[in-house]
Structures are given as C-alpha cells and as structure tokens.
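Q: Fold the following for me, if possible:
(one chain, ligands or ions: 1)
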Amino acid sequence: MRKQIVAGNWKMNNNLQETKELINDIAAHLPQTNTKVMVAPTFVYLQHAVAAAKDSPIEIIAQNMHFAAQGAYTGEISSTMLQDIGVQTVILGHSERRAYFGEDASLLRTKVDRALEVNMQIVFCFGEELEDRKAGNHFDVVQEQLSDALFHLGEKAWEQIVLAYEPVWAIGTGETASGAQAQEMHAFVRNTLEQQYNGQLAASTSILYGGSVKPNNAADLFSNPDVDGGLIGGAALKAEDFIAIIKAI
Ligand code: PGA
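A: Just a heads-up that it's a prediction; the model follows:
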C-alpha cells in the first residue's frame, strides 16, 4: 500500500545553527507514526542536516539537482554528490524552480531520468496557476505536466516517485485548496495514472498536497482518501507547527 508522507521544504531559509536546532527539535517531538517524515534544507547544510538526523527517522532530502552526472556546470549540484553525502531523495519540478529558474517540462524530464539512473527517489511537484483554475483548465494543465515529465517512464520507475500536487495560487499565499478541491485533483491524478499505467500502480503511488498547509487545515486536507500527506513550506519552519501537521494525518 502507498506510504503517507509529510515533507518539509525549507526553501532558502535557516542558517546552519537553525538548521541543526530545527532538526533536533522535530526529532525530539516526533510522534510514534508510520508516516514518513522528510525535511529539505538548503544544499549547503545538507551534510550537517544528515548528521543531525542520523539517529532519527527523519529523512533529509534535497530541494533540487542538476540533470548531468558531472561536468562544466558552474554553481550546480549533481545527483551523485547528493548521494555521496547520504541524500537519496530529491524534490523536482517545484513551481518556484519553474517560475524563477525557467525549468520547463523537457528539462524536468532530463532531471527525472538522471535521478532514476542513480536510483534516487523523487518528489515530483506539479500544479496549475490561478488563471488556469479560473479558466477551468486545471485538469488539462496538470495532465500535461505529468505526461511531459513522467509518462515516458516504465512501471518499475514509479516505485521511486512520489507526486506532490501544489496549486501555484496556494503556495505561500495563505490561501489553501479546500479538502474537496485537493481530493478532486488527487482523484483525477490517480485516475490518470490508472489509464496511463494500471490500477495497481495508481493505488500504490503517494500523492501529497502542498500549498499553505497549516496545523489548522491539515486534518481537513489529509482526511481525504486520495491525499497521502503534504509538502509543507512556511509551516515546516517551526517544529511545533510541523509536528502538529504530522499528527494531523
Ligand atoms: P507553503 O509552501 O506551505 O509555504 O505554501 C509549499 C511549497 O512550496 O512546497
């Protein structure tokens, strides 16, 4: 059966001291749970974060990576560099990468392929913008994002993939999708996977919701049958809030 996951995306926040303290604080208050807990600090502190999380069930993951194995790509970080310091999972396709760093479907496809080549896990983000939803195009946009970056993959590769539906209009805005809106899209995605692949693959793929998840709305979102957890931004920066969200599953 598919896993329940709560992942914290810290984005470009927290210094070294805060990184270690927050991981220790989360580890100290983690409830007994089958929910997988992941945290994505910035690249430069990943190694320290891995050390801080060593004796806890928290998995340290990366926010991004480059598509090439190595080479003349000034300022970039490769998959094997991440693995070398104990990071096995990477977030790809976050809407901030798409919007501010020009990451399009064909680039994301190469990153997905590279991560899978070295057997990394991927948290793949997708989601529509406000104009798409207003125009009623959100299902088409989501289908295209998934199809362009992921539907060339064979069935086996999907064991490495977690999906994260993050409507762009809900990220960092304080405006969240309702539980019903999240469920509607997650069910659509699962149904799309069933059509593209098969029911077994669709049923075993975790689909997280992201976009202004807070302690006070997490239970409403997570209680839906096709919502398997969350990708948390702002509320992942406070141990108390992050723990409350983990407990809401
Ligand atoms: P948010 O961010 O929870 O601050 O809206 C979510 C994300 O960007 O993954």
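Q: can you count the residues close to residue 58?
A: 21 (other CB atoms under 10 Å). To be clear about C-beta, it is placed using only N, CA and C from the backbone, and glycine gets the same treatment.
Q: who's in contact with it?
A: 23, 26-27, 30, 37-39 (CB atoms under 8 Å, 6 or more residues apart in numbering).
Q: Please list the residues of the protein that sit near the ligand.
A: 9, 166, 171-172, 210-213, 231-235 (CB under 6 Å from any ligand atom).
Q: What about the residues you listed, which one has the most neighbours?
A: That'd be residue 213 among the residues of the chain next to the ligand, by other CB under 10 Å, with 31 neighbours.
Q: which residues sit in contact with the residue lying closest to that one once chain neighbours are set aside?
A: Leaving aside its chain neighbours, residue 213 sits nearest to residue 230 (4.5 Å; criterion: CB to CB, 6 or more residues apart in numbering). Neighbouring residues of residue 230 by CB under 8 Å, 6+ apart: 5-7, 208-210, 213, 218, 221-222, 245.
Q: and residue 230, what element?
A: Assigned by DSSP states H and E, residue 230 belongs to strand 229-232.
Q: so what strands line up beside that strand?
A: The strands beside strand 229-232 in its sheet (DSSP bridges) come out as strand 5-9 (parallel), strand 207-210 (parallel).
Q: Please work out which of those is packed deepest.
A: With neighbours defined as mean count of other CB atoms under 10 Å, the strands paired with strand 229-232 peak in mean count at strand 207-210, which reaches a mean of 27.
Q: Now the helix or strand following it: buried residues?
A: The element immediately downstream of strand 207-210 (helix or strand, assigned by DSSP H and E) is helix 218-222. Using 16 or more other CB atoms under 10 Å as the test for burial, helix 218-222 gives 218, 220-222.
Q: Please convert these to TSV, extending it with pLDDT.
A: Converted to TSV, these look like this (pLDDT from 0 to 100):
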residue	pLDDT
218	97
220	96
221	97
222	97
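Q: quick one: low-confidence parts of this structure?
A: Scanning the chain for pLDDT under 70 picks out nothing.
Q: residue ranges for the strands of this structure, please.
A: Here the chain has its strands, by DSSP state E, at 5-9, 36-40, 59-60, 89-92, 121-126, 161-165, 207-210, 229-232.
Q: Can you convert those strands into a markdown table and add a column each for distance to residue 177?
A: Output for those, formatted as a markdown table (distance: least, CB to CB, whole Å):
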| stretch | distance to residue 177 |
| --- | --- |
| strand 5-9 | 17 |
| strand 36-40 | 21 |
| strand 59-60 | 26 |
| strand 89-92 | 19 |
| strand 121-126 | 14 |
| strand 161-165 | 8 |
| strand 207-210 | 7 |
| strand 229-232 | 11 |
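Q: out of those strands, nearest to residue 71?
A: strand 89-92 (18.2 Å; CB to CB).
Q: Packing partners of the closest one?
A: Helices and strands touching strand 89-92, by 3 or more CB pairs under 8 Å, 6 or more residues apart in numbering; DSSP states H and E, are helix 105-117, strand 121-126.
Q: Paired strands for the last one, with orientation please.
A: Sheet pairing here is set by DSSP bridges, and for strand 121-126 it gives strand 89-92 (parallel), strand 161-165 (parallel).
Q: quick one: contacts for the residue in the chain that the ligand sits nearest to?
A: In the chain, the residue that lies nearest the ligand is residue 233 (2.1 Å; CB to the nearest ligand atom). If you count contacts by CB under 8 Å, 6+ apart, residue 233 has them with 8-9, 11, 171-172, 210, 212.
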